[in-house]
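[1] Sequence first, predicted model second:
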Amino acid sequence: MKVEVQNIKPYSEEGSKKVQIEEMFDDISKRYDFLNHFLSMGIDRGWRKKVIKEIKAVPHHNVLDIATGTGDVAIAASGLDTQITGLDLSEKMLDVAREKVSKRGITNIELIKGDSENLPYEDGTFDVVTVSFGVRNFEDLRKGLTEMQRVLKPGGKLIILEFSYPAKFPVKQLYHFYNSTLLPFFGKVISGSSTAYTYLPESVKAFPEGQNFLDLLGSCGFENNGQKRLTFGISSLYTAFKG
């Protein structure tokens, strides 16, 4: 069964989602880290630790962190015995990441501007590919997943951390209230963007989470696909392997 993927855009139904996403993250880059920790009440740090644990579970000489943003996952993985490449559309987000990497004296991270749906790497380059809160923003989700499958080595691991929607009372109702009222309000006040934190909950709703996403991974050539719901289902950790 083919999984339907809605294409929610930040600014307008007209024009390229990719261009709009780049513009949106350029706009909020300076406040992005603070907002991440503030709006998630610091829970996002624990979620990223689970990504690192998944990397540790397999051989990981060469890791690609797609939609690396300000580099939090790449930096967290830098303590592992591995080479990390962080790729992102937004140059201003990457500027923040480069400053953080430089201040910490980290030498095993390379940060590059690039398109996740047209990865500039040969087939079978990476042992692990990670994406944290980025796949919702792909213009063509299937193409992005297929590209990740292509650049992974045989047996390589894909790790995706993404928001999901709680299904049980009362978390479902509380989460909906938070996403529809508090998150857009505080996001706008702190970031100065009236769009980014309205787009976020809309894109979470539109994302084909759970079994739909597992089916989509399977249709893109991944095997042994799994999902772990985190923090009452507010986010999900997906893992998959290239056969």
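    Thanks, I have the structure now.

[2] avg pLDDT for stretch 225-241?
    Stretch 225-241 shows a mean pLDDT of 97.

[3] cool, stretch 46-66 as well?
    Stretch 46-66 comes out at a mean pLDDT of 96.

[4] Tell me the span between the first and last residue of that stretch.
    19 Å (CA to CA, to the nearest Å).

[5] do stretch 148-167 as well
    Taking CA to CA as the criterion, the two ends of stretch 148-167 lie 29 Å apart.

[6] Just the buried residues of the longest strand along the chain, please?
    Longest strand of the chain, by residue count under DSSP state E: strand 152-163. Residues of strand 152-163 classed as buried: 152-153, 156-163 (neighbour count, 16 or more other CB atoms under 10 Å). Every C-beta, even on glycine, is put in place using the N, C-alpha and C of the backbone.

[7] Counting by contacts, list what that strand packs against.
    Packing partners of strand 152-163 (3 or more CB pairs under 8 Å, 6 or more residues apart in numbering; DSSP states H and E): helix 43-56, strand 126-132, strand 235-242.

[8] Measure how far the first one is from the centre of its chain, please.
    Spelled out, that is helix 43-56. 12 Å (CA atoms, centre = their mean, to the nearest Å).

[9] Contacts for the next helix or strand after that helix, please.
    Later in the chain than helix 43-56, the nearest helix or strand by DSSP states H and E is strand 62-66. Contacts with strand 62-66, where a contact means CB atoms under 8 Å, 6 or more residues apart in numbering, come from 55, 71, 73-74, 77, 80, 82-88, 116, 119, 121, 125-132, 134, 144, 148, 151.

[10] chain center to strand 62-66: distance?
    Distance of strand 62-66 from its chain centroid, counting by CA atoms, centre = their mean, is 12 Å.

[11] That one pairs with which strands, and in what direction?
    Paired with strand 62-66 in the same sheet, following DSSP bridges, are strand 83-88 (parallel), strand 126-132 (parallel).
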